[in-house]
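Q: kindly return the folded structure for what I paste below:
(chains A and B)
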Protein chains: 2
Amino acid sequence: MELTERLLTGDRRAIARLITIIENDGAEAQEALAALYPHTGRAHIVGVTGAPGTGKSTLVNELAKVYRQRDRTVGIIAVDPTSPFSGGALLGDRIRMRDLSGDPGIFIRSMATRGSLGGLARATADAVKVLDAAGYQTIFVETVGAGQSEVDIAKAAHTTIVVEAPGLGDEIQAFKAGITEIADIFVVNKADREGADRTAMALQIILDLDHSSHLSLQAPRWRPPICKTIALHGEGIGAVVEAIGEHAAYLRKSGNLQQRERERIEGELRSIITQEMARSFFEGLDEAQFDSLVDSIIRREIAPYSAAALLLKG
Amino acid sequence: MELTERLLTGDRRAIARLITIIENDGAEAQEALAALYPHTGRAHIVGVTGAPGTGKSTLVNELAKVYRQRDRTVGIIAVDPTSPFSGGALLGDRIRMRDLSGDPGIFIRSMATRGSLGGLARATADAVKVLDAAGYQTIFVETVGAGQSEVDIAKAAHTTIVVEAPGLGDEIQAFKAGITEIADIFVVNKADREGADRTAMALQIILDLDHSSHLSLQAPRWRPPICKTIALHGEGIGAVVEAIGEHAAYLRKSGNLQQRERERIEGELRSIITQEMARSFFEGLDEAQFDSLVDSIIRREIAPYSAAALLLKG
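A: Numbering: from 1, shown residues only, chains lettered A, B, ... in the order given. Okay, the predicted model is just below:
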């Protein structure tokens, strides 16, 4: 328990070590997380997602600087689900380290997939809890893209920022119907580039369509603001910080915060149960039977579902 | 069983109906899939993945036309994991339908996520089996992006094509370390655009690095060719078709085909078992106990892992 005690005092090496244990899916992480859990629930968690090349990392760095100027501590977890192999997150990590390192009020960590994507989403949620318990007040979770993986990770956030950039977003596919369902704030970054107004306009139109098609479940419904930034020059960052603050206030007032928290925890519980059941099943698996069933499936003697049913019975 | 019999004769309505049943995760699908399973394993499955805007769909359409000219039947499954909500895949679907419909040798279907991403990967694999059993000789599985979801879907393919386009791929993030581990063929589409040579060159460099860093497990190791295309004008498509044929021949000669098939089936079996265990657990769950544990987690009285352990014991 010494590790968690040090962690609660904000010891950076203890934080780093526990996140590594979480990444490696060690059983010891569970005990530590249980001890930390009562100390969580204080941070505001901001998800930041967008396609490669939109400048997410630069934006997060600039946001972090503004929060630091306002004396809030900042945690950054950069998740890279597009690099399920190795080393993908390292380069970006080093670039940003140069910019923000040396400030004890900031903790930066990148995480890549080990094994399943579900595992990454869970490890990310656990790393957020570690930074929350360690006292970081605003925690950014940065993910690449806008696929299901990012949706899962966004579910762990209080406020989700979707970053677009001109020239990437003008293809039909880039504006997915679903994006408005995860975005609380839109940022059009690289706003000095040609097409920025068109990108912002396209987002407005999508929001108009989306807003008029929904029945208002809670009044007033939150309409995602569209902020233009040039993160590379630190321009427009203040407006994004204000938008995050307004969204946090909206969540508290509307009761949405509790609802999101409940949904998040239900989802987390379901995913832990599923993974634990799978883990204990495959640990106790009769390898010989498994292999011989795989052989039968390859020879098309038995269908995969039927083989699964046999293994589950046995 | 009438449905599967009609399906084996190539009845298009029977195919469409079974894929709908699979999408809706109906238990009846399992019986039908078991009956079809002995008739699968004949198609060559080609995964096609790439970021939005690279022109994947146009490329697949043009590839399909060339295969049809050579009298091979073609199935196309367009998977859209970036649109977990609704309707996202429809627009592209209608555009392509206009181009290819009316040819009985082509079957096109788009699939979007219902529920989990794991569910989508499984539904896609099952839809491929349906088209395989129905006699389609080359089956394209087209997915957006290069995230974990696409990796999972690519695992079901014999040959995976990664599509890049100039101007999208020149950011650091676009060239993920892992992409060379899933790509059997690279296509630089929109090759008439500025930067196409630079994109192809960058891929060459990555392949050189990657190739020299691996110990050769089977000699000769396959080196992914880089094909330039302008899919919109049908240019360069023949070379991609040749590359697919060469890769198929390589898989057969090297023994890689059997190895991939075994890994694919092992993964499929594991995922079916995991999902079935979860399904039966949550069907029999004591909702009241679950809700009261969620309340305790929200009040930070118990950690999610500990609550999961209690539910698994109960």
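
Q: list the buried residues in stretch A:12-32.
A: Neighbour counts using 16 or more other Cβ atoms under 10 Å in any protein chain shown place A:14-15, A:17-19, A:21-23, A:25, A:29-32 of stretch A:12-32 among the buried residues. Placement of C-beta: from N, CA and C, glycine included.

Q: is any part of it close to chain B?
A: Yes: applying Cβ under 8 Å from any Cβ of the partner chain, one finds stretch A:12-32 in contact with chain B at A:Gln30.

Q: my read: A:Glu194 touches A:Gly167, true?
A: Yes: between A:Glu194 and A:Gly167 there is a contact at 7.3 Å, judged by Cβ atoms under 8 Å.

Q: higher neighbour count, these two?
A: A:Gly167 (18 against 9; other Cβ atoms under 10 Å in any protein chain shown).

Q: tell me what the longest helix that chain A contains is packed against?
A: The residue-count maximum for a helix in chain A (DSSP state H) belongs to helix A:256-283. Where contact means 3 or more Cβ pairs under 8 Å, 6 or more residues apart in numbering or on different chains; DSSP states H and E, helix A:256-283 is packed against helix A:117-133, helix A:237-254, helix B:256-283, helix B:287-298, helix B:304-313.

Q: got the buried residues of stretch A:12-32 as TSV, with secondary structure, distance to A:Arg198 and pLDDT columns?
A: TSV is the format used below for those (DSSP: H, G, I helix; E, B strand; the rest coil; distance: Cβ to Cβ, whole Å; pLDDT from 0 to 100):
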residue	secondary structure	distance to A:Arg198	pLDDT
A:Ala14	helix	48	94
A:Ile15	helix	43	95
A:Arg17	helix	47	92
A:Leu18	helix	45	93
A:Ile19	helix	41	92
A:Ile21	helix	47	89
A:Ile22	helix	42	89
A:Glu23	helix	41	84
A:Asp25	coil	45	71
A:Ala29	helix	47	86
A:Gln30	helix	49	86
A:Glu31	helix	53	87
A:Ala32	helix	49	90
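
Q: of these, which pair is most distant in space?
A: Spatially, the most separated pair among those is A:Ala14 and A:Asp25, at 18.8 Å (Cβ to Cβ).

Q: list phi and psi for the residue lying closest to A:Asp192 once chain neighbours are set aside.
A: Leaving out its chain neighbours, the residue that sits closest to A:Asp192 by Cβ to Cβ, 6 or more residues apart in numbering or on different chains is A:Ile230, at 5.2 Å. Here is the backbone geometry of A:Ile230 (degrees, to the nearest 10): phi -120, psi 80.

Q: got the contact list for A:Ile230?
A: Going by Cβ atoms under 8 Å, 6 or more residues apart in numbering or on different chains, A:Ile230 touches A:Asn189, A:Lys190, A:Ala191, A:Asp192, A:Gly236.

Q: of all those residues, which comes closest to chain B?
A: The shortest approach to chain B among the contacts of A:Ile230 belongs to A:Lys190, at 11.4 Å (Cβ to the nearest Cβ).

Q: and the pLDDT for the nearest residue to the closest one once chain neighbours are set aside?
A: Leaving aside its sequence neighbours, A:Lys190 sits nearest to A:Ala165 (Cβ to Cβ, 6+ apart; 4.5 Å). Listed pLDDT for A:Ala165 reads 85.

Q: A:Lys155 now?
A: 73.

Q: now it. Nearest residue, chain neighbours left out?
A: A:Arg264 (5.8 Å).

Q: tell me, how many residues neighbour the one you found?
A: Counted with other Cβ under 10 Å, the neighbours of A:Arg264 add up to 19.

Q: touching, A:Thr54 and A:Ile161? I think so.
A: No: taking Cβ under 8 Å as the definition, A:Thr54 is not a contact partner of A:Ile161, at 10.8 Å.

Q: which residues of the stretch 51-200 of chain A score low on pLDDT?
A: For the stretch 51-200 of chain A, the stretches with pLDDT under 70 are A:80-99, A:112-118, A:145-154, A:168-180.

Q: helices of that one, start to end?
A: A:56-69, A:90-100, A:117-133, A:148-154, A:179-182, A:196-213 (DSSP state H, counting those that start in this stretch).

Q: residues of stretch A:248-266 that come out buried?
A: For stretch A:248-266, by 16+ other Cβ under 10 Å, it's A:Ala248, A:Tyr250, A:Leu251, A:Ser254, A:Asn256, A:Arg260, A:Glu261, A:Arg264, A:Ile265.

Q: most widely separated two among the residues you listed?
A: Maximum pairwise distance in these, criterion Cβ to Cβ, is 20.7 Å, between A:Tyr250 and A:Ile265.

Q: and the stretch 201-314 of chain A, which of its residues are near chain B?
A: Taking Cβ under 8 Å from any Cβ, the part of the stretch 201-314 of chain A that reaches chain B is made up of A:258, A:261-262, A:265-266, A:268-270, A:272-274, A:276-278, A:281-282, A:290, A:293-294, A:297-298, A:300-309, A:311-312.

Q: which of those count as buried?
A: A:261, A:265, A:268-270, A:272-274, A:276-278, A:290, A:293-294, A:297, A:302-309, A:311.

Q: including distance to A:Pro225, could the helices and strands packed on helix A:256-283 go into a markdown table?
A: Formatted as a markdown table, the helices and strands packed on helix A:256-283 follow (distance: least, Cβ to Cβ, whole Å):
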| stretch | distance to A:Pro225 |
| --- | --- |
| helix A:117-133 | 24 |
| helix A:237-254 | 5 |
| helix B:256-283 | 38 |
| helix B:287-298 | 29 |
| helix B:304-313 | 33 |
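
Q: domains of chain A?
A: A:41-274, A:284-313 (automatic domain parsing).

Q: check contacts around A:Ile226.
A: Contacts of A:Ile226 (Cβ under 8 Å, 6+ apart): A:Phe186, A:Val187, A:Val188, A:Ala200, A:Leu203, A:Gln204, A:Leu207.

Q: from what I can see A:His39 touches A:Ala133, true?
A: Yes: using Cβ under 8 Å, A:His39 makes contact with A:Ala133 at a distance of 4.1 Å.

Q: neighbour count winner among those two?
A: A count of neighbours by other Cβ under 10 Å puts A:Ala133 above the other of A:His39 and A:Ala133, at 25 against 17.

Q: I'd like to know how far the more buried one sits from A:Pro304.
A: A:Ala133 sits 42 Å away from A:Pro304 when distances are taken as Cβ to Cβ, to the nearest Å.

Q: ok, A:Gly135 next?
A: Counting by Cβ to Cβ - A:Gly135 and A:Pro304 are separated by 48 Å.
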